[in-house]
Structure formats: structure tokens, C-alpha cells
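Engineer: here is my input, please return the structure:
(one chain, ligands or ions: 2)
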Amino acid sequence: MRLLVCGGAGFIGSTFARIRARDHGDEVVVLDKLTYAGRRESLNDVDHVFVHGAIEDPAAVGAAIEGADAVVNFAAETHVDRSIAEPDAFVRTQMQGTYVLLEAARERGLRYVQVSTDEVYGSIQAGSFTEDSPLRPSSPYSATKAGADLLVGSYAHTYGLEAVICRGSNAYGPYQYPEKLIPLMVLNALHGDALPVYGDGMQVRNWLYVEDFARGIGHALERGAPGEAYNVGGPDECPNLEVVRRILALTGASEDLLEHVPDRPGHDRRYSLSSERIRTLGWEPRVRFAEGLERTVTWYRDNAWWWEPIRSGEYRAYYERQYGRALRPAS
Ligand code: NAD
Ligand code: DAU
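Structural biologist: Ligands and ions are numbered 1, 2, ... in the order given. As a prediction, this is how the structure comes out:
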């Protein structure tokens, strides 16, 4: 199958591209705008064709989609804190970009997978969301992701587009940009920088190893029913404070580095997904959190070539704006 993978230079998209090219023999075309989060080097070991462009640009999409059998859309602005500070790019990419891709898929009668998130359901105190739960997003990030999901649903319903939505819980693993909790804490611990925990640190996330998420998206692509959404939840829940303590233990860094900082505005307390529907397609998670976290810490320890250019570049200014303090000077 020839796949157009939009946002394939990002964390989950590059993992998906690697698995599809290596294990399924798919031809992979990556369309990516290369924002700060897009890293071509994450595709170094992936057999693919690369097209540099934005999903909201119909000409770029038209060029990249040539000959494709299906479109899988990972492209998005993905960091909640950045959506609170500067929401405009989130609206452009998630809304206009998804619209342009849907139109291109509709014109050509292609199968379409929208990669989405548990955050569209909002926070849940107890129990888990199913695909039929109402969408109650709370941040500009999750609201624009929910808007894109609704648009995808409308194309399936109105035009009969073979579209499927895949909603994942918090993914973690190699090649994740260090603005997100786990890589940020791992790299800070390895460098002796403070580990900034928002609020009381008792927010709960449902951790999903990135390869498990990528395989789930593959199941939805191959076997998902048109018009359906599929939740893909991780096997383990963990409060942030415990995640950070485990990272301190795995890196051997001092507990004194842990620091409580002001909470994220509108911070969702807990996410939890029921994944029964995707299990009916034969998917199940393979990597438990303890094992995946250990693998992830080892990967960051061994792959400074990947994160050093990030951590010594614009990221330092982002970090200072976001946390009101500088990282220790790069050695
Ligand atoms: P990421 O931020 O690592 O990568 C996003 C990629 O999209 C980058 O390569 C970036 O350059 C590209 N991109 C951004 N705007 C673009 C545009 N307008 N046109 C073309 N390319 C563009 O993101 P990620 O964590 O890999 O997330 C991928 C998808 O999975 C997103 O849709 C996200 O909402 C969803 N998701 C992420 C998680 C998670 O925990 N990271 C969980 C569930 C769902
Ligand atoms: O749930 C899926 C979502 O997971 C994806 O859709 C998003 O793209 C992805 O960014 C992620 O969103 P979160 O907001 O849950 O992830 P983040 O890594 O930003 O934060 C995880 C938790 O850790 C959250 O409760 C906030 C907290 N946190 C985060 C950072 C960056 C801290 O306490 N300190 C921090 O410095």
C-alpha cells in the first residue's frame, strides 16, 4: 500500500512510518511542514519519500498525495502549554489543514485515518471514556482536535468518505520532543536541571508506548469501519508525581531536583480510555509502563545526537518563557 503520512517527521508519525515501511512493506510518502517539532533525522532509518509542505496548502497536498492509496494524518500542533500561550497555529493546522486533506481524499476516493487524542473527551474523575462519550475538550489544543474530529465525521456521514478516527492516550517513547512530560523530565534529570511538576502533581495520565499506538493506528487503517472512532488507551495509569519519581530512580538523579511549580491553566485532572472497540480489531498493548519507561530513559541516554541540537537551540528560549528560568548551560 502507498501511504501518505502527514506529520510523519514528528514523534508518533515517524514511529508509524518506520513500522509500516519495515514490517508491512508499505511505500511511505511523508508530508511535513517541519515545525519546531518536525525532525527529519527521526526518519534517518526509514525508507520514505519526503515532501516539505503544510497540510493547509492544497498545492503541497496535491503533489504529495499523487498515487496514494490512503492518507494518515498525524500533522498537528500538539503541545497543550503552547496552545494556551499562542492558539492561532492550532486553529490553522487542525481546522484548515484537516479540511484541505479531507477534500483531497474525497476528490480521489481515498481511505483516510485521522489521528486524534483522548483529550477531546475532557477530564474524567473515575471510569473510562468510550467512543460514544460526549466531546468536552478544555484547552485550545483539545478543542481544535475535537473540531477536526467532527469535520472528519461529517465527511464520512455526508460524502461517504472512508474515514476512521483513532484517539490515543498519552504516548511516550523515543524521538519525543522534550517539551512533553517524560522526555523533559528525563533530560532535565540527566543534566541536573530542576524537574518542574505542575500543581500537586496528582493529575493522572493513561500511558501508551508509542509503538503500541502506531500499531493501533495500523489496525484502524486496515480494518476500521468507515465513520467509526477507535480509542487506543495505554495499559497503565500513573499520576505525574509518580512518573517523575520513577524517572529520578531510573536516571539516578537526586529527589532534590523535584520542584512544584504553578499549575497549567484549565489543567485536566485525569484521562482514561476504554479500548474495547479497537481490541475487536485484534489490537492490544504489548508494553507495560514500567518496561516502556525504562526503554525510553535508555534511549535518551544513548541518543544525544538526536536531542542535543534541540536542547541547545531555540528550545532554551521556549523553556525560559514557559518556566521562567533558564536551563543549565549546555556542556
Ligand atoms: P509532534 O508534535 O511530535 O509532531 C507533529 C508533526 O506534525 C511534526 O513533524 C510537525 O512538523 C508536523 N506539522 C505540524 N503542523 C503541520 C502542518 N500544518 N502541516 C504539515 N505538518 C505539520 O506530535 P505527535 O506527538 O507525534 O502527535 C501526532 C498526532 O497524534 C497529533 O495529531 C496528536 O494530536 C496526536 N496524539 C498525540 C499524542 C501524544 O501523546 N503525543 C496522544 C494522542 C494523540
Ligand atoms: O493525552 C494525549 C495528549 O497527551 C496528546 O494529545 C498531546 O498531544 C500530548 O501533548 C499530551 O498532552 P498532555 O498535556 O497530557 O501531555 P504533557 O506531556 O504536556 O503533560 C503530561 C502531564 O504532565 C500533564 O498533567 C501536565 C504535566 N506536566 C507537564 C509538563 C510539560 C508537568 O507537571 N510539568 C511539565 O513541565
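Engineer: ligand 2 contacts on the protein?
Structural biologist: Contact residues, the chain versus ligand 2 (Cβ under 6 Å from any ligand atom): 78-80, 117-119, 169-170, 180-181, 184, 196-198, 203, 205, 240, 264, 271. Using the backbone N, CA and C atoms, a C-beta is placed for each residue, glycine as well.
Engineer: buried subset of these?
Structural biologist: 78-80, 117-119, 169-170, 180-181, 184, 196-197, 203, 205, 240, 271 (16 or more other Cβ atoms under 10 Å).
Engineer: tell me which of the residues of the chain next to ligand 2 fall in strands.
Structural biologist: 117, 196-198, 205 (DSSP state E).
Engineer: remind me which residues of the protein are low pLDDT?
Structural biologist: 331 (pLDDT under 70).
Engineer: for it, which helix extends over the most residues?
Structural biologist: helix 140-159 (DSSP state H).
Engineer: packing partners of that one?
Structural biologist: Packing contacts for helix 140-159, counted by 3 or more Cβ pairs under 8 Å, 6 or more residues apart in numbering; DSSP states H and E, involve helix 80-85, helix 88-91, helix 98-108, strand 111-117, strand 163-168.
Engineer: export the ones you listed to a markdown table and tack on distance to G313?
Structural biologist: Formatted as a markdown table, the helices and strands packed on helix 140-159 follow (distance: least, Cβ to Cβ, whole Å):
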| stretch | distance to G313 |
| --- | --- |
| helix 80-85 | 16 |
| helix 88-91 | 19 |
| helix 98-108 | 29 |
| strand 111-117 | 27 |
| strand 163-168 | 28 |
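Engineer: just put the ones you listed in JSON lines and tack on distance to ligand 1.
Structural biologist: Output for those, formatted as JSON lines (distance: least, Cβ to the nearest ligand atom, whole Å):
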{"stretch": "helix 80-85", "distance to ligand 1": "10"}
{"stretch": "helix 88-91", "distance to ligand 1": "7"}
{"stretch": "helix 98-108", "distance to ligand 1": "9"}
{"stretch": "strand 111-117", "distance to ligand 1": "4"}
{"stretch": "strand 163-168", "distance to ligand 1": "3"}
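Engineer: nearest to T298 among the ones you listed would be which one?
Structural biologist: strand 163-168 (22.9 Å; Cβ to Cβ).
Engineer: what pairs with the closest one, and is each one parallel or antiparallel?
Structural biologist: According to DSSP bridges, strand 163-168 forms sheet pairs with strand 111-117 (parallel), strand 229-232 (parallel).
Engineer: how big is the angle separating that strand from helix 98-108?
Structural biologist: Here strand 163-168 runs at an angle of 140 degrees relative to helix 98-108 (axes from the mean of the first three to the mean of the last three Cα atoms, to 10 degrees).
Engineer: out of the helices and strands packed on helix 140-159, which comes closest to E259?
Structural biologist: Comparing these by Cβ to Cβ, helix 80-85 comes nearest, at 16.4 Å.
Engineer: stretch 8-18 and ligand 1 in contact?
Structural biologist: Yes - interface with ligand 1: stretch 8-18 contributes 9-13 (Cβ under 6 Å from any ligand atom).
Engineer: oh, that last question was meant for stretch 292-301, not what I typed.
Structural biologist: No - remark: stretch 292-301 sits outside contact range of ligand 1, by Cβ under 6 Å from any ligand atom, the gap being at least 12.6 Å.
Engineer: sorry, back to before: so what angle separates the directions of the longest helix of the chain and strand 111-117?
Structural biologist: Using the same axes, to 10 degrees: helix 140-159 against strand 111-117 is 150 degrees.
Engineer: closest one to S254 among the helices and strands packed on helix 140-159?
Structural biologist: When the helices and strands packed on helix 140-159 are compared by Cβ to Cβ, helix 80-85 sits nearest S254, at 25.5 Å.
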